[in-house]
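Visitor: okay, here's the prediction I keep looking at, along with the sequence it came from:
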Amino acid sequence: MDVPRFSELPNIPGGPKGCAWDIWNKAHEDRTGKKGEKDWSGTLHHLTPEVVAAAGKEIQTGERVTLK
């Protein structure tokens, strides 16, 4: 998956610097060929079965933490 570097992200007037809005819509369009369709999964696309399986191998204690 071709993902731009942070320094390559556009700035949106009045919005945050380095905005990734619409980046995933373009990737979705490239992947599916469907023009103008919104992608609602964003970076969740990085969680492929291979990535999840590899992450599972890192578990050592089973402890969980809350992120706030």
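Guide: Received, thanks. Numbering: from 1, shown residues only.

Visitor: let me know the pLDDT of the residue nearest to the spatial centre of the chain.
Guide: For the chain, the residue sitting closest to the mean C-alpha position, by Cα atoms, centre = their mean, is residue 43 at 1.4 Å. The confidence metric pLDDT takes the value 79 at residue 43.

Visitor: secondary structure element holding the nearest residue to it once chain neighbours are set aside?
Guide: Nearest in space to residue 43, with sequence neighbours left out and distances taken as Cβ to Cβ, 6 or more residues apart in numbering, is residue 24 at 7.7 Å. Heads up, the C-betas are built off the backbone N, CA and C, glycines and all. Element membership for residue 24 (DSSP states H and E) is helix 23-32.

Visitor: where do the helices of this structure begin and end?
Guide: 23-32, 49-56 (DSSP state H).

Visitor: my read: residue 39 touches residue 27, true?
Guide: Yes - between residue 39 and residue 27 there is a contact under Cβ atoms under 8 Å: 6.8 Å.

Visitor: residues touching the residue nearest to residue 43, list them.
Guide: 39, 41, 42, 43, 45 (Cβ atoms under 8 Å, 6 or more residues apart in numbering).

Visitor: can you get me a residue count around the first one?
Guide: I take that to be residue 39. Per other Cβ atoms under 10 Å, the neighbour tally for residue 39 reads 18.

Visitor: got the contact list for it?
Guide: By Cβ under 8 Å, 6+ apart, the contact set of residue 39 is 24, 25, 27, 28.

Visitor: got phi/psi on it?
Guide: Per-residue torsions, residue 39: phi -100, psi 120 (degrees, to the nearest 10).

Visitor: which one is it nearest to, not counting chain neighbours?
Guide: residue 28 (3.4 Å).

Visitor: just give me the neighbour total for that neighbour.
Guide: Residues lying near residue 28 (other Cβ under 10 Å) number 18.

Visitor: let me know the pLDDT of residue 22.
Guide: For residue 22, the pLDDT comes out at 74.

Visitor: if I look at it, how far off is residue 8?
Guide: Distance check for residue 22 against residue 8: by Cβ to Cβ, to the nearest Å, it reads 13 Å.

Visitor: I'm done for today, thanks for sticking with me.
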